[in-house]
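Colleague: below are the sequence and a predicted model; questions follow.
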Amino acid sequence: MRLTVIGTGYVGLVSGTCFAEMGNAVTCIDVDTNKIEKLKEGVIPIYEPGLEAMVHRNIENNTLSFSTDLGDSLKTCDIAFIAVGTPMGEDGSADLKYVLAVAKEIGEKMISPLIIVDKSTVPVGTAEKVKHTISQELKARSLDIEFHVVSNPEFLKEGDAINDFMKPDRVVVGADDQGASKKMADLYAPFFRSSMDRLITMDVKSAEMTKYVANAMLATKISFMNEIANICELVGADVNKVRIGIGSDSRIGYSFIYPGSGYGGSCFPKDVKALKKTAEEHGYAPELIKAVEDVNNRQKFVIANKVTSKYGKDLKGKTFAIWGLSFKPGTDDMREAPSIYIIKELVKRGAKINAYDPKAMEEAKHFYLKDVPNITYFSAKYSALEGADAMILLTEWKEFRSPDFQELKKLLLEPVIFDGRNQYNSQMLAEGGFEYHQIGKK
């Protein structure tokens, strides 16, 4: 099929590249000329394992191209995916200005029947708004062109997005037209060689809702476990053992019940807020969803509070080595990362920060922490430790899993570790002479 993917951010670039990998002719569109020129040269604007090689391969195979000309791409297009950002508005709702701007341009430039797919994460009712916007533009052009708007939410995990797209556990398609639904099934058929059971079709509004509910459910598990961790610490229980005890129940499972410093990223914080706002707009008070958000906001300061409990609220003269800045391993994404809140809190109290992350330091320097003073960035994890009063682990990158603890002990002023991901063995560290602070255990 001939596909147009509008937006070359995380979702658009991954989706377009993976569709091209299956032999489709894909054109990725963006208004950012500089970004498109770099993509034509194979320069990838995001870090995602495996993506760069796949982009290069499909450019060479002529299955993937990049352009700023939407009208030209729509001339021979079967399906157009809208994959632009839906930033959070001031009131917590999803801002649809980019989605509707694309819909308007599609209406202005389409010349033949088309399936338009909302790939962006959008609230219930967005497909109707997109349809209305396109219809108005076609009416203004005195054209009667058949088109259908479909909801096809993405469920990609940053750091494992290629595998998620190429081997999906499910694909949700919301369509109110059987022909459009069949066309989407044909598009995704190569991704389900053994069975199409994982292609789930439904009405458009249910598909739009599914994305928000999925992320809110996962966020709920995280906040629930973090709340339990805080209670465990107060009563003298070990949350690490509690996690094993409950995770062995097949009804609960181990996914998303690891205590930590709170969730971040581009999806969970924004989608939880948007779902809460949607409920409120329809006169419903979503108390559980609000609690999920409140717990997470508090959790981002738990490690900072542990630091001040040991060293006092005035941290002048103290230096802390931070291992990990991204909100999770496998990505350079720092949106709503706990590291931002923790570092700002420590610096506000007078501390100096030695920071290291395998991928996210440029993001930190130029965007998320660019105005925060007293941060020094290091190109190696052990270099960041030298002369620091303690090490704080905030992202569970693989290279942090089995460090040389004797080297840590030698470089730190004191053998103190604050673990925001409960990654290390407390007994082993105690035997090695470390003072080890984790979440959910005294």
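Modeller: That came through fine.
Colleague: when you work out contacts or count neighbours from here on, use the C-alpha atoms and nothing else.
Modeller: Will do.
Colleague: find the nearest non-adjacent residue to Val307, please.
Modeller: Leaving aside its chain neighbours, Val307 sits nearest to Phe418 (7.7 Å; criterion: C-alpha to C-alpha, 6 or more residues apart in numbering).
Colleague: how about that neighbour, phi and psi?
Modeller: Backbone torsions of Phe418, given as degrees, to the nearest 10, read phi -110, psi 120.
Colleague: who's in contact with it?
Modeller: Going by C-alpha atoms under 8 Å, 6 or more residues apart in numbering, Phe418 touches 303, 306-307, 390-393, 436-438.
Colleague: domain-wise, how is the chain divided?
Modeller: 2-202, 212-298, 300-437 (automatic domain parsing).
Colleague: may I see those arranged in CSV, with mean pLDDT as well?
Modeller: What follows is those, written out as CSV (pLDDT from 0 to 100):
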stretch, mean pLDDT
domain 2-202, 95
domain 212-298, 96
domain 300-437, 97
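Colleague: residues contacting Gly50?
Modeller: Residues in contact with Gly50 (C-alpha under 8 Å, 6+ apart) are Ile162.
Colleague: excluding chain neighbours, what is closest to Ile106?
Modeller: Computed as C-alpha to C-alpha, 6+ apart, the closest residue to Ile106 that is not its neighbour in sequence is Ile134, at 6.7 Å.
Colleague: just the ones of the contacts of Phe418 in strands?
Modeller: Under the assignment DSSP state E, the contacts of Phe418 contribute 390-393, 436-437 to strands.
Colleague: tell me which of the residues you listed is nearest to Ala219?
Modeller: Leu393 (21.2 Å; C-alpha to C-alpha).
Colleague: and the closest one, what are its bridge partners?
Modeller: Trp323, Asp419 (DSSP bridges).
Colleague: and it, how far from Pro87?
Modeller: Here Leu393 is placed at a distance of 29 Å from Pro87 (C-alpha to C-alpha, to the nearest Å).
Colleague: still on that earlier bit, which of the contacts of Phe418 count as buried?
Modeller: Among those, the ones that count as buried by 16 or more other C-alpha atoms under 10 Å are 303, 307, 390-393, 436-438.
Colleague: show me where the stretch 251-400 of the chain has its helices.
Modeller: Along the stretch 251-400 of the chain, the segments classed as helices by DSSP state H, counting those that start in this stretch run 268-281, 287-299, 302-311, 338-348, 361-363.
Colleague: what does the stretch 101-250 of the chain give?
Modeller: For the stretch 101-250 of the chain, the helices defined by DSSP H, counting those that start in this stretch cover 126-140, 161-166, 178-188, 204-235, 239-247.
Colleague: would you format those as JSON lines with distance to Asp332 included?
Modeller: Supplementary listing: these in JSON lines, determined by distance: least, C-alpha to C-alpha, whole Å:
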{"stretch": "helix 126-140", "distance to Asp332": "30"}
{"stretch": "helix 161-166", "distance to Asp332": "13"}
{"stretch": "helix 178-188", "distance to Asp332": "29"}
{"stretch": "helix 204-235", "distance to Asp332": "20"}
{"stretch": "helix 239-247", "distance to Asp332": "28"}
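Colleague: closest one to Met361 among those?
Modeller: Nearest to Met361 among the helices of the stretch 101-250 of the chain is helix 161-166 (21.2 Å), distances taken as C-alpha to C-alpha.
Colleague: residues of that closest one that come out buried?
Modeller: Residues of helix 161-166 classed as buried by neighbour count (16+ other C-alpha under 10 Å): 161-162, 164-166.
Colleague: ditto for stretch 2-19
Modeller: Buried, per 16+ other C-alpha under 10 Å, within stretch 2-19: 2-8, 10-19.
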